[in-house]
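Enquirer: predicted model follows, preceded by the sequence.
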Amino acid sequence: MRWRFLIVAFAASFQLMAAEVQIINSTVRLPLPGRSVSAGYLTINNLSDQAVSVVAATSPWFEKVELHQHSYVDGMMRMQQIDRIVIAPNQTVHLQPGGLHMMLFTPKQSLALDQQVPIELQLDNGQKISVSAVVTKIPKQ
């Protein structure tokens, strides 16, 4: 009986953590004609009193998803892969053009505007969060 209580308590705490990390405004850009790479953006709200980190992202619609950031180095803007995105307690992090973002490589199917792309984010505590990102156009530069 005691084990059953511990399992229920663990499951309840895991569900509480899921409610404390919210993902909103998820989008994936429609790749340019002839290109096999896209970018993904979203907002992560950490409503808990503990830092959380996104350590990986996957999508069944793409061969590979990587976490990236843009940075200004030696007078040039550069993009580099990173191993985690840290969200401090009670803070919000925006994945957006020119900053933190996801790179999605080699779509497994054609994408169309307004489709919902499934993405799964993995946190450093092992939790996985499913996201549905809407396909949008790349804005004109």
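Expert: Structure's in. What do you need? Everything quoted here is computed from the prediction, not taken from an experiment. Numbering: from 1, shown residues only.
Enquirer: all contacts plus neighbour counts: C-alpha atoms, from now on.
Expert: Will do.
Enquirer: strands paired with the longest strand along the chain, and their directions?
Expert: Longest strand of the chain, by residue count under DSSP state E: strand 62-73. In the sheet, strand 62-73 lines up against strand 76-81 (antiparallel), strand 101-107 (antiparallel) (DSSP bridges).
Enquirer: can you tell me which of these is most buried?
Expert: Ranked by mean neighbour count under mean count of other Cα atoms under 10 Å, the strands paired with strand 62-73 are led by strand 101-107, which reaches a mean of 21.
Enquirer: what about it, average pLDDT?
Expert: When pLDDT is averaged over strand 101-107, the result is 97.
Enquirer: chain center to it: distance?
Expert: 11 Å (Cα atoms, centre = their mean, to the nearest Å).
Enquirer: stretch 40-60 now?
Expert: Chain-centre distance of stretch 40-60: 6 Å, with Cα atoms, centre = their mean.
Enquirer: quick check: mean pLDDT of that stretch?
Expert: Stretch 40-60 shows a mean pLDDT of 97.
Enquirer: and it, C-alpha only, in PDB?
Expert: What follows is stretch 40-60, C-alpha atoms only, in PDB (Å, rounded to 0.1, in the frame of the first residue of the first chain):
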ATOM      1  CA  GLY A  40      10.800  27.100 -35.200                       C
ATOM      2  CA  TYR A  41       9.900  29.700 -32.600                       C
ATOM      3  CA  LEU A  42       7.800  29.700 -29.400                       C
ATOM      4  CA  THR A  43       7.500  31.200 -25.900                       C
ATOM      5  CA  ILE A  44       8.300  29.200 -22.800                       C
ATOM      6  CA  ASN A  45       6.800  30.400 -19.400                       C
ATOM      7  CA  ASN A  46       8.400  28.800 -16.300                       C
ATOM      8  CA  LEU A  47       5.800  29.400 -13.600                       C
ATOM      9  CA  SER A  48       7.800  27.300 -11.000                       C
ATOM     10  CA  ASP A  49      10.300  28.400  -8.400                       C
ATOM     11  CA  GLN A  50      13.000  26.200 -10.000                       C
ATOM     12  CA  ALA A  51      15.000  26.700 -13.200                       C
ATOM     13  CA  VAL A  52      14.200  24.400 -16.100                       C
ATOM     14  CA  SER A  53      16.200  23.700 -19.200                       C
ATOM     15  CA  VAL A  54      15.100  22.500 -22.600                       C
ATOM     16  CA  VAL A  55      17.800  20.000 -23.700                       C
ATOM     17  CA  ALA A  56      16.300  18.600 -26.900                       C
ATOM     18  CA  ALA A  57      13.500  18.900 -29.400                       C
ATOM     19  CA  THR A  58      12.200  16.400 -31.900                       C
ATOM     20  CA  SER A  59       9.500  16.200 -34.500                       C
ATOM     21  CA  PRO A  60       8.100  13.200 -36.400                       C
END
